[in-house]
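Novice: quick one, what's the 3D model for this:
(one chain, ligands or ions: 2)
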Amino acid sequence: MRKSIATVSLSGPLSEKLTAIAAAGFDGVEIFENDLLAAPQSPEELRLRCADLGLGIDLYQPFRDFEAIPDDGLSARNLRRAERTFDLMERLGADLLLVCSSVDPRAVDDDALAAAQLHTLADRAQRRGIRIAYEALAWGRHVRTYDHAWRIVERADHPALGLCLDSFHLLSRGSDPKGIADLPGEKLFFLQLADAPLMAMDVLQWSRHHRCFPGQGGFDVAAVVGAAVAAGYRGPLSLEVFNDVFRQAGAATTAVDALRSLLVLEEQAGLAAPPAPVVPSGFAFAELAAADSEPVRGLLGALGFARTGRHTSKPVELWEQGAARILLNTGGHSRGGPALTAIGLETPGPAGAAQRAEALLAPVVPRRRATGEAPLDAVAAPDGTELFFCRTGHPDHPSWTGDFAPAPCETTDTATALHIDHIALTQPWHQFDEAALFYRSVLGLGADESLDLADPYGLCRSRAVAAPDGGVRIALNVAPGPDTDGAGPQHIALATDDVIAAARSVRERGGSLLPIPANYYDDLAARFDLDPQRIDTLRELGILYDRDDSGEFLHCYTATLGRVFFELVQRGDGYRGYGARNAGIRLAAQQACQHSA
Ligand SMILES: O=C(O)c1ccc(O)c(O)c1
Ligand SMILES: [Mg+2]
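Specialist: Ligands and ions are numbered 1, 2, ... in the order given. Have a look, this model is predicted:
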């Protein structure tokens, strides 16, 4: 279907918003009155600009406080106001005006009056070749639901008057979208789409600050789309997102993420079928970039990794133990010291995975490949992390490991880690919701609830995305504070079946583990029925403990190098989490280390 977005959804001046919207690939826009009034260009210039960009102006909005106003001269003034808006729309080349339900305290609860006034408005509009789409604001004075708005539109009975449905207003008030399917399709003039996290708060504040793109919140937006299409709606799917974060983030990237959310929504509603997700089954590797590589080699050695290969054409080393592989790229330089720059995802179908990623607008990473090297499909996640779709050691596909020549290997005695358990990536603050939607939609991972973790300087949002079988787990965090913008910590968690032995070997090999305060262990004894000797061992090694209905979790951390640190994790039984309860302790301990360094 045709795809549009309201200019209010993006940051910046109107002309820049339009450029970003067109570049992302939208077909049209809803122009917001405030954006137009603040623009230095004339309506004619904006009309030309949209035409040049290939954007249709699908709607002009909002026109407020028109219906159900008792007549003491106000309604005549309202009609004059409407005529001036029609003048402007004519110059702009827009032929659909959104009228939202009155919030004015002077409005009365009188559907007959509302219908009569909207009929008059529609009549005036029709003479100018304009149509009116009437929308129930969830906080309207008297009209707050789409079915109430529909009763008024039906009563007004004018061909130039129809409904604008907005998924936020509908779902925030708990309306059942199923009823939409019974409305006459030709009376559905416009469909606005927004999601929102489920929150108990004033609906106006919720709408103006917390709307998000479909798939980022907790509403079933696809049900609204499905019902409207079942009714016969064939107009645009138009995003209208009021959000404090997107109003500040870069318009170009937000517009791409916005369009991705519509593509995924179309798939969910059964209206389009992009290539199916190919869910990754595990981590093939994690790649670290480090100009000063010696400390990283030291840390990898202490963790029990051995250098097993060197890339045949690039300054990249392969380090392995068990099924865990780390690539150490010494070629580039990374801001703030060693950083995790790429993740290899083990996938049953690299080409299919790349096709889906491309269909959902993930930027393809250009690769320079020497002859004879394995083809590697890669895309960039919103934070720039490169994701490689790998098929390691299967005869049906060239393996990336073939590009590495065996290195003289100083194998370590005991392997500490079995495989990569999960990877945690700090997201730039304005990309957190986009990142979660990206990993879910592009890779077909499932998302956990979003959590707030306390660190000494604020709350840190965290949300994990994982494959159903737990083969791939990625924890997305957003740290408070401007200094972490784009360069927050990242970590690689290694799975072990004996974290105590693993922590001891790290120490014996000269590695240092993050010290955890004694208070934590006193509390542990109070919270869990643990053997005092076991607690002493955990205390001695700085191992954290968690337990829930699914099982036990033991974990500890290395010191941080640049942006990167490692975690050793031991999952008991079917524990699915990440030790979130301990995150505050870990964050405080890391802060303390940084300050004493
Ligand atoms: O918040 C508002 O006032 C507002 C205005 C126009 C809309 O279409 C809407 O959904 C909300
Ligand atoms: Mg709306």
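Novice: how about the residues of the stretch 151-300 of the chain by ligand 1?
Specialist: Residues of the stretch 151-300 of the chain found near ligand 1 (C-beta under 6 Å from any ligand atom) are D166, Q192, S207, R208, E240. Glycine gets a C-beta too; all of them are placed from N, C-alpha and C.
Novice: nearest to F565 among those residues?
Specialist: R208 (39.1 Å; C-beta to C-beta).
Novice: so what does the helix or strand hosting that closest one touch, helix or strand wise?
Specialist: Using DSSP states H and E, R208 maps to helix 203-210. The helices and strands touching helix 203-210, judged by 3 or more C-beta pairs under 8 Å, 6 or more residues apart in numbering; DSSP states H and E, are helix 167-172.
Novice: quickly check: the helix it packs on near ligand 2 or not.
Specialist: No: Helix 167-172 is not in contact with ligand 2 by C-beta under 5 Å from the ion; minimum separation 6.5 Å.
Novice: I'd like the next helix or strand past that helix.
Specialist: Using DSSP H and E, the next helix or strand after helix 167-172 towards the C-terminus is strand 188-193.
Novice: returning to that earlier point: any of the residues of the stretch 151-300 of the chain next to ligand 1 buried? List them.
Specialist: D166, Q192, S207, E240 (16 or more other C-beta atoms under 10 Å).
Novice: and the two most separated of those residues?
Specialist: So, these by C-beta to C-beta: farthest apart are Q192 and S207, at 11.4 Å.
Novice: mutual contacts of the two, please.
Specialist: F168 (C-beta atoms under 8 Å, 6 or more residues apart in numbering).
Novice: measure the residue in the stretch 101-250 of the chain that ligand 1 sits nearest to to E135 for me?
Specialist: Among all residues of the stretch 101-250 of the chain, D166 sits closest to ligand 1, at 4.7 Å; criterion: C-beta to the nearest ligand atom. Distance, D166 to E135, by C-beta to C-beta, to the nearest Å: 6 Å.
Novice: of the buried ones among the residues of the stretch 151-300 of the chain next to ligand 1, which is the nearest to A6?
Specialist: Of all those, E240 has the smallest distance to A6: 4.1 Å, by C-beta to C-beta.
Novice: give me phi/psi at the closest one?
Specialist: phi -130, psi 100 (degrees, to the nearest 10).
Novice: ditto for G488
Specialist: Taking degrees, to the nearest 10, you get phi -70, psi 170 for the backbone angles of G488.
Novice: before we move on, the earlier item: can you list the residues that contact the helix or strand following the helix holding R208?
Specialist: Helices and strands here follow DSSP H and E; after helix 203-210, the next one along the chain is helix 221-231. Helix 221-231 is touched from outside by 1, 165, 167, 170-171, 177-185, 188, 191, 193-195, 214-215, 237, 265-266, 268-271, with contacts defined as C-beta under 8 Å, 6+ apart.
Novice: so how far is ligand 2 from the residue in the stretch 1-150 of the chain that ligand 1 sits nearest to?
Specialist: Ranked by C-beta to the nearest ligand atom, the top residue of the stretch 1-150 of the chain for proximity to ligand 1 is P62, at 3.9 Å. Noted for P62: a distance of 8 Å to ligand 2, by C-beta to the ion, to the nearest Å.
Novice: quick check: the gap between that residue and R208.
Specialist: 13 Å.
Novice: kindly report the same for I326.
Specialist: 46 Å.
Novice: do G446 as well
Specialist: 30 Å.
Novice: spatially nearest residue to Q216, not counting backbone neighbours?
Specialist: Distances taken as C-beta to C-beta, 6 or more residues apart in numbering put D433 closest to Q216, at 4.3 Å, once the chain neighbours are dropped.
Novice: quick one: average pLDDT of the host helix or strand of that neighbour?
Specialist: Per DSSP H and E, D433 falls inside helix 432-443. For helix 432-443, the mean per-residue pLDDT is 94.
Novice: distance from the helix or strand of the chain with the lowest mean pLDDT to the middle of the chain?
Specialist: Sorting the helices and strands of the chain by mean pLDDT, DSSP states H and E puts strand 451-455 at the bottom, at a mean of 82. In this view, strand 451-455 has its centroid 18 Å away from the chain centroid, taken as C-alpha atoms, centre = their mean, to the nearest Å.
Novice: do the same with stretch 58-71
Specialist: For stretch 58-71, the separation from the chain centroid amounts to 34 Å (computed by C-alpha atoms, centre = their mean).
Novice: repeat for stretch 543-553
Specialist: Per C-alpha atoms, centre = their mean, the centroid offset for stretch 543-553 relative to its chain is 28 Å.
Novice: in the chain, which residue is most central in space?
Specialist: Centroid-nearest residue in the chain, with C-alpha atoms, centre = their mean: E434, separated by 2.0 Å.
Novice: tell me which residue in the chain sits closest to ligand 2.
Specialist: Nearest to ligand 2 in the chain, going by C-beta to the ion, is D166, at a distance of 3.6 Å.
Novice: give me the low-pLDDT residue ranges for the stretch 351-500 of the chain?
Specialist: For the stretch 351-500 of the chain, applying pLDDT under 70 flags the ranges 368, 410-414, 479-486.
Novice: would you map the helices across it?
Specialist: Assigned by DSSP state H, counting those that start in this stretch, the stretch 351-500 of the chain shows helices spanning 432-443, 499-508.
Novice: repeat that for the stretch 201-350 of the chain.
Specialist: Residue ranges of the helices in the stretch 201-350 of the chain, as given by DSSP H, counting those that start in this stretch, are 203-210, 221-231, 251-268, 294-303, 350-359.
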